[in-house]
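# Pasting a predicted model and its sequence here:
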Amino acid sequence: MRSITLLGATGSVGTSTLDLLRQDRSAWRVEALTANSSVIELAALAREFDARIAVVADESCLPALRDALSGTSIEAAAGPRALNEAAARPVDITVAAIVGCAGLGPVMAAIEQGGTIALANKEALVSAGEVMTAAVAKHGATLLPVDSEHNAIFQCLAGNAIEDVRWITLTASGGPLRGFSVAELARVTPAQAVAHPNWSMGAKISVDSATMMNKGLEFIEAHHLFPVGLDRIRIVVHPQSVIHSMVEYRDGSTLAQLGPSDMKVPIASCLAWPRRMDTPCDPLDLVAHGELTFFAPDEQRFPATRLAREAAHAGGAAPAVLNAANEIAVAAFLDGQIPFTRIAVSVEEILNETAIAQAPTSLNEVQALDGEARARTSALLESA
Ligand code: NDP
């Protein structure tokens, strides 16, 4: 029996993870389950999986969580500190599936325990970059990438030397708006932006896929996870989402990982690592797909990958600022406050007015940068 903590249990990745645990309940002991404010869902999951503790980030939800867990021995807690404390409890594996930089504190708490972390929460790594990778090295933690592209690369690198890599190719579906003109993009509604053709995901990452910022964040994520140099990481649009990413070696061999567009596959790869486990996913049917196609990204219509690449090259504060500005702009778009095309425009405006300070060297510095960039982006969007 292995112990597990699931940060972001009520979300899309959280739900897929719990579906995998349901396949063999006797194999897992659940330590902590967390959410932001989805009290009823969290309490139901905590009861079902007999978790030791359930935590909500939103402190005002604590009374409701206590009510929902009454009659059980499951602890209830709330607030950022409680989240960090729950994440620091020793477990065999932590699945980090909170959305946004809000997940950074708990991820770092798990890393500081020297644990194994299956990381879905890409924004945390984009913002904290070297701070997180240094903590992983210092505490002997293991980061397993859940993001399907990075999980694919991780699998393609197994048994090979990173020095022999010529290219890492991140594949991108291109999202639901791939064929839209600039004029059409300006009129896109939140409902259109979240309607991803291949993947079922939370709202924020769905919008990021539509703007291609998701691929930009993944570019920075890949840079930290697989240190081959920024110039050896490229993006290729592959609308079928069958090849999840590729690694080309110096001898001309390219290894690719293929699979169904279902997050249960990369999550299972992390849960069972270094072994394999069954998933309920349909086998990949290449004949049904018929053809796999590939295109260069169009950075005129979708400038977000350019912004992320520039932020990665600039270093310093830029990746954390890019992420923070994007989180605020995406939330504003989902709230109907700004048009779709304004997301990338505001991120660029905020980056342009940012003095590229030295890279943050501690969690506190990352969080301060993140908070400051959020405030500036909110002010920018309100003034427009
Ligand atoms: P969802 O929006 O579906 O779920 C987010 C989870 O985080 C929920 O449990 C939510 O709780 C919790 N949460 C939200 N805000 C906070 C906060 N401020 N503090 C603490 N917890 C919070 O997101 P996804 O599952 O889609 O994505 C999670 C992460 O995984 C993201 O970083 C995303 O980029 C990454 N990812 C997702 C993929 C996918 O297929 N969905 C694929 C690859 C990566 P509540 O329910 O209470 O709001």
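Great, that's in hand. These numbers were taken from a predicted model, which means no experiment stands behind them.

# how many neighbours does Ala191 have?
7 (other C-beta atoms under 10 Å). In short, each C-beta sits where N, CA and C put it, glycine included.

# quick one: it is in a helix?
Yes: counting by DSSP: H, G, I helix; E, B strand; the rest coil, Ala191 is located in a helix.

# Roughly how far does it sit from Gly336?
Distance of Ala191 to Gly336, given as C-beta to C-beta, to the nearest Å: 11 Å.

# Just the local confidence number for the residue in the chain positioned nearest to the ligand, please.
Using C-beta to the nearest ligand atom, Gly11 is the residue of the chain that sits closest to the ligand, at 1.9 Å. Here, the pLDDT recorded for Gly11 equals 97.

# Verify the stated contact: it with Gly100.
No: contact criterion C-beta atoms under 8 Å: Gly11 and Gly100 do not qualify, at 10.8 Å.

# Mind naming the longest helix for this structure?
When the chain is parsed with DSSP state H, its longest helix is helix 363-383.

# what comes into contact with that one?
Contacts to helix 363-383, defined as C-beta atoms under 8 Å, 6 or more residues apart in numbering, come from residues 101, 104-105, 108, 127-128, 131, 317, 320-321, 323-325, 327-329, 332, 337-338, 342, 346-347, 349-350, 353-354, 357, 360.

# Tell me the residues of the stretch 101-250 of the chain that contact the ligand?
With C-beta under 6 Å from any ligand atom as the criterion, the stretch 101-250 of the chain comes near the ligand at residues 102, 120-123, 147, 199, 201-202, 204-205.

# Most neighbours among the residues you listed, which one is it?
Most surrounded of those: other C-beta under 10 Å gives Ala120, at 31 neighbours.

# pLDDT score for that residue?
So, for Ala120, pLDDT stands at 98.

# What values do phi and psi take at it?
The phi/psi pair for Ala120 (degrees, to the nearest 10) reads phi -100, psi -30.

# That one contacts Ser148, correct?
No: in this structure, Ala120 is not within contact of Ser148 by C-beta under 8 Å, at 9.8 Å.

# so where do the strands sit in the stretch 1-150 of the chain?
For the stretch 1-150 of the chain, the strands defined by DSSP state E, counting those that start in this stretch occupy 2-7, 28-35, 53-56, 75-78, 93-96, 116-119, 142-145.

# Put together TSV for the ones you listed, with distance to Ala86 and mean neighbour count on each row.
What follows is these, written out as TSV (distance: least, C-beta to C-beta, whole Å; neighbours: other C-beta atoms under 10 Å):
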stretch	distance to Ala86	mean neighbour count
strand 2-7	7	23
strand 28-35	4	24
strand 53-56	5	26
strand 75-78	7	20
strand 93-96	10	27
strand 116-119	14	26
strand 142-145	19	20
